[in-house]
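Q: Sequence plus predicted model, see below.
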Amino acid sequence: MIKFNGVDLQDVVPVKIEDISVPPIDVSPVANQRVGIGQDFVRMTGGKRTITITFALLNDDKDERFEQLEAIKEWASPWEEHALVLPMFPGKHFDCRCVKCPDPSYRQWWESKLKLVFETFENPYITSDEEITTNCGTPLVIGGTAPPMVRIERRLIVRESNQTYYCNGRSMFFSAIPAGRLVIDLNKQTAAISGTSIMQYFGKTSKFIEPVNGDMTITGNGQVVYRERWV
């Protein structure tokens, strides 16, 4: 089963999957050059992950094969980000875009080992399909091996003042929160009401709560919504 945007590839075109390659996230070290010989290590930075699906068509008719390839291209929705589900990661998915569709030879139309290439961008981790929602103040034990995706949501009927959220030594203070649907994205470090930023109300000495694996108890008003992730 290979699904993209909720649609199984086998439901579009019957293909033979020859290989699925899921390498680790590209990482790069950041270091400062010393005056003399050597460098001082600063940190590791993570980039994208490239997923390659190699397959063969089961049809021996040249014209029908090219029609099937067009259907696969449409299924892959080039440049649009969707969830990619692979059989070796049950209950999990990758948020990615198709960056390369098969480029078959018209002369050697019978060729196999055609490739679809997907890349992750904002979220290079393996992500849980299950999104868990609980009330603020509830002790959480978040699994996974990568920082989870965490946001705070709340529906305000009227404008409120002096609202604080706290967890693990970090507090987020808002001098005011207008009425509407509040979403505080802890990963992107943004706060908005119905899509409009309210960061002008964010306290100058406040620090965004850091999403971490293990114990988290976020106090305040609203609900905590999170997904676990793996490297």
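A: Noted; the coordinates are in hand. The structure displayed is predicted, hence computed values, not measured ones.
Q: for this protein, what's the longest strand?
A: strand 146-156 (DSSP state E).
Q: who does it pair up with?
A: Paired strands of strand 146-156, with direction, are strand 180-185 (antiparallel), strand 223-230 (antiparallel) (DSSP bridges).
Q: And for it, what's in contact with it?
A: Strand 146-156 has contacts (Cβ atoms under 8 Å, 6 or more residues apart in numbering) with 123, 125-127, 136, 142, 165, 177-187, 193, 209-213, 216, 218, 220-231. (C-beta placed from N, C-alpha, C; glycine too.)
Q: List buried members of those by neighbour count.
A: 123, 125-127, 136, 142, 165, 177, 180, 182-187, 193, 209, 211, 216, 218, 220-222, 224-229 (16 or more other Cβ atoms under 10 Å).
Q: now the farthest one out in the protein, which residue is it?
A: Residue farthest from the centre of the chain, counting by Cα atoms, centre = their mean, is residue 36 at 41.2 Å.
Q: Now residue 222: closest residue in space that isn't a chain neighbour?
A: residue 154 (3.2 Å; Cβ to Cβ, 6 or more residues apart in numbering).
Q: Counting neighbours, what do you get for residue 24?
A: 9 (other Cβ atoms under 10 Å).
Q: Over to residue 138?
A: Considering only other Cβ under 10 Å, residue 138 is surrounded by 12 other residues.
Q: Please apply the same query to residue 131.
A: 12.
Q: Identify the residues contacting the residue nearest to it when sequence neighbours are not counted.
A: Spatial nearest neighbour of residue 131, excluding adjacent residues (Cβ to Cβ, 6+ apart): residue 227 at 5.3 Å. For residue 227, the contact set (Cβ under 8 Å, 6+ apart) comprises 127-128, 130-132, 148-149.
Q: mind redoing it with 7 Å?
A: Counting by Cβ atoms under 7 Å, 6 or more residues apart in numbering, residue 227 makes contact with 127-128, 131, 148-149.
Q: May I ask which two of these are separated the most?
A: 131 and 148 (10.6 Å; Cβ to Cβ).
Q: low-scoring pLDDT stretches of this protein, where are they?
A: The model of the chain has pLDDT under 70 over residues 28, 42-46, 105, 107-110.
Q: buried set for stretch 147-165?
A: Quick answer for stretch 147-165 (16+ other Cβ under 10 Å): 147-152, 154, 156, 163, 165.
Q: sorry, that was for stretch 89-99
A: 89, 92-99.
Q: Tell me the one of those residues nearest residue 65?
A: residue 98 (19.4 Å).
Q: Could you list everything the closest one pairs with in the sheet?
A: Applying DSSP bridges, one finds that residue 98 bridges with residue 118.
Q: OK, contacts around residue 96?
A: By Cβ under 7 Å, 6+ apart, the neighbours of residue 96 are 51, 81, 84, 118-120.
Q: Widest-spaced pair of the buried residues of stretch 89-99?
A: 92 and 99 (20.9 Å).
Q: Closest to residue 55 out of the buried residues of stretch 147-165?
A: For these, the nearest to residue 55 is residue 149 (30.4 Å; Cβ to Cβ).
Q: Show the residue spans covered by the helices in this protein.
A: 9-12, 62-76 (DSSP state H).
Q: re the thing from before, for the contacts of residue 96, give me TSV that also has distance to residue 60 and neighbour count.
A: Listed next are those as TSV, based on distance: Cβ to Cβ, whole Å; neighbours: other Cβ atoms under 10 Å:
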residue	distance to residue 60	neighbour count
51	29	20
81	35	17
84	29	23
118	28	23
119	32	19
120	35	22
